[in-house]
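> Mind folding the following:
(2 chains)
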Protein chains: 2
Amino acid sequence: MSAEVVAAEGFELDHRIERDTVLVGRLGICEVRLMNDSAYPWCLLVPMVADATELHELTRIQRCSINDTSCLLATVMMGLFSGEKMNVAALGNVVPQLHIHHIVRFSDDQAWPGPVWGRFPATPYEPEALSLRVADLRAALSLDDTGPIASLTDNAG
Amino acid sequence: MSAEVVAAEGFELDHRIERDTVLVGRLGICEVRLMNDSAYPWCLLVPMVADATELHELTRIQRCSINDTSCLLATVMMGLFSGEKMNVAALGNVVPQLHIHHIVRFSDDQAWPGPVWGRFPATPYEPEALSLRVADLRAALSLDDTGPIASLTDNAG
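Got it, this is the predicted structure:
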């Protein structure tokens, strides 16, 4: 199942997601993006499907692909960061473009046990720490080093 | 694919989920439960899998079944309540038993556009309104009237 088969033409990343995240890579039909908030290991899966806002409005093949990618991402993040709990959520009340949060939680993180949204302003990574975290995620996700990561440098400045 | 095939023996509902919700019915390998908070149309899917805490630790067949049930539930809830946005989330920081929130959101609800958790105390339904809402959900989900709803009356008292 290739991205071309199930992802519609015309996908464009929301500018708010682009501003707040950096691209880790592409997996299945999704972009994997790291939230630029060092308070938590926090990634978004953004299905590259034009105008998608709700998981339940996708086709079954799209949902299955996203489900598998979500499982892989959650497993890799929990292993890489020795997490205590994974939070997975599709909210989209502020930014309607479909995006699925994957957040590694610890019982000593600043928002525990509450959800992370709207609690604290983001703590951006230092540039080196950001590059390192993206590299760690790419390696753990077996993402090809030659893949398109142009927007990483675009965003990380 | 029957519940017996993919749901492990020994599933027991967490007492906090039991306290805060009423059973709507069983779909696939999940219990569908209505949160007793009239502020939002809010259901939980609770996979009947013993000791499950993380979606990514389930088998693929379990995940696919839950994904299909989630899609059906979200579609039905959005139709039944003419919702503006669906919020789907597996958090579990307070109650680790795996449960997936499905919350219909409106731009004039009390927590919009923030997430609902930890914002306002629950506003329990009046008994008649609770029964009506459960009946509406059962009808919309095509749940058999003869199915097990004992804990509905247990909880709704």
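
> secondary structure element for residue A:22?
Assigned by DSSP states H and E, residue A:22 belongs to strand A:21-27.

> which other residues reach stretch A:45-59?
Contacts to stretch A:45-59, defined as C-beta atoms under 8 Å, 6 or more residues apart in numbering or on different chains, come from residues A:3, A:6-13, A:17, A:26-27, A:29-33, A:62-63, A:66, A:69-70, A:73, A:90, A:92, A:96-100, A:102, B:70-72, B:74-75, B:78, B:85-86, B:88. Quick note: C-beta positions are derived from backbone N, CA and C, even for glycine.

> how much distance is there from it to the middle of the chain?
Stretch A:45-59 sits 14 Å away from the centroid of its parent chain (C-alpha atoms, centre = their mean, to the nearest Å).

> Please save the CA atoms from it in CSV.
Extracted in CSV, the C-alpha atoms of stretch A:45-59 (Å, rounded to 0.1, in the frame of the first residue of the first chain):
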residue,chain,number,x,y,z
LEU,A,45,1.0,12.2,12.7
VAL,A,46,-0.5,14.3,9.9
PRO,A,47,-2.2,12.2,7.2
MET,A,48,-1.3,13.6,3.8
VAL,A,49,-4.9,13.6,2.8
ALA,A,50,-6.3,16.8,1.3
ASP,A,51,-8.9,18.5,3.5
ALA,A,52,-9.1,15.7,6.1
THR,A,53,-10.4,16.8,9.4
GLU,A,54,-11.9,13.7,11.0
LEU,A,55,-10.5,10.2,11.3
HIS,A,56,-14.0,8.6,10.9
GLU,A,57,-14.4,10.3,7.5
LEU,A,58,-11.4,8.6,6.0
THR,A,59,-11.6,5.4,4.0
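
> what pairs with residue A:33 across the strands?
Per DSSP bridges, the residues bridged to residue A:33 are residue A:23, residue A:44.

> Any idea how many residues pack against it?
Number of residues near residue A:33 (other C-beta atoms under 10 Å in any protein chain shown) recorded here: 25.

> What's the separation between it and residue A:102?
Between residue A:33 and residue A:102 the distance is 10 Å, computed by C-beta to C-beta, to the nearest Å.

> by contact count, what packs against the strand holding residue A:22?
Packing partners of strand A:21-27 (3 or more C-beta pairs under 8 Å, 6 or more residues apart in numbering or on different chains; DSSP states H and E): strand A:30-35, strand A:42-47, helix A:60-81, helix A:127-140, helix A:150-156.

> Point out where chain A drops to low pLDDT.
A:1-8, A:144-157 (pLDDT under 70).

> Need the residue closest to the centroid of it.
The centre of chain A sits closest to residue A:44, judged by C-alpha atoms, centre = their mean, with a distance of 1.9 Å.

> how about that one, what does it touch?
A:17, A:21, A:31, A:32, A:33, A:35, A:99, A:100, A:101, A:102.

> now do residue A:93
Applying C-beta under 8 Å, 6+ apart to residue A:93 gives the contacts B:85, B:87, B:105, B:112, B:113, B:114, B:115.

> Just the buried residues of these.
Buried subset of the contacts of residue A:93 (neighbour count, 16 or more other C-beta atoms under 10 Å in any protein chain shown): B:85, B:87, B:105, B:112, B:114, B:115.

> farthest pair in those residues?
Spatial extent of the buried ones among the contacts of residue A:93 (C-beta to C-beta) is set by the pair B:85 and B:114 at 12.2 Å.

> Can you tell me how far residue A:50 is from chain B?
Per C-beta to the nearest C-beta, to the nearest Å, residue A:50 is found 19 Å from chain B.

> tell me the SS of the closest residue to that residue other than its chain neighbours?
Computed as C-beta to C-beta, 6 or more residues apart in numbering or on different chains, the closest residue to residue A:50 that is not its neighbour in sequence is residue A:10, at 3.8 Å. Classification of residue A:10 using DSSP: H, G, I helix; E, B strand; the rest coil returns coil.

> What is the neighbour count of residue A:10?
By other C-beta under 10 Å, 9 other residues sit near residue A:10.

> So the residue nearest to the centre of chain A versus residue A:22, what's the distance?
Counting by C-beta to C-beta - residue A:44 and residue A:22 are separated by 10 Å.

> any common contacting residues for those two?
The contact sets of residue A:44 and residue A:22 overlap at residue A:33 (C-beta under 8 Å, 6+ apart).

> correct me, but residue A:138 touches residue A:24?
Yes: the criterion here is C-beta atoms under 8 Å, and residue A:138 meets it with residue A:24 at 6.0 Å.

> Pick out whichever of those two has more residues nearby.
residue A:24 (25 against 19).

> nearest residue to the more buried one other than its sequence neighbours?
Closest residue in space to residue A:24, ignoring its immediate chain neighbours: residue A:32 at 4.3 Å, by C-beta to C-beta, 6+ apart.
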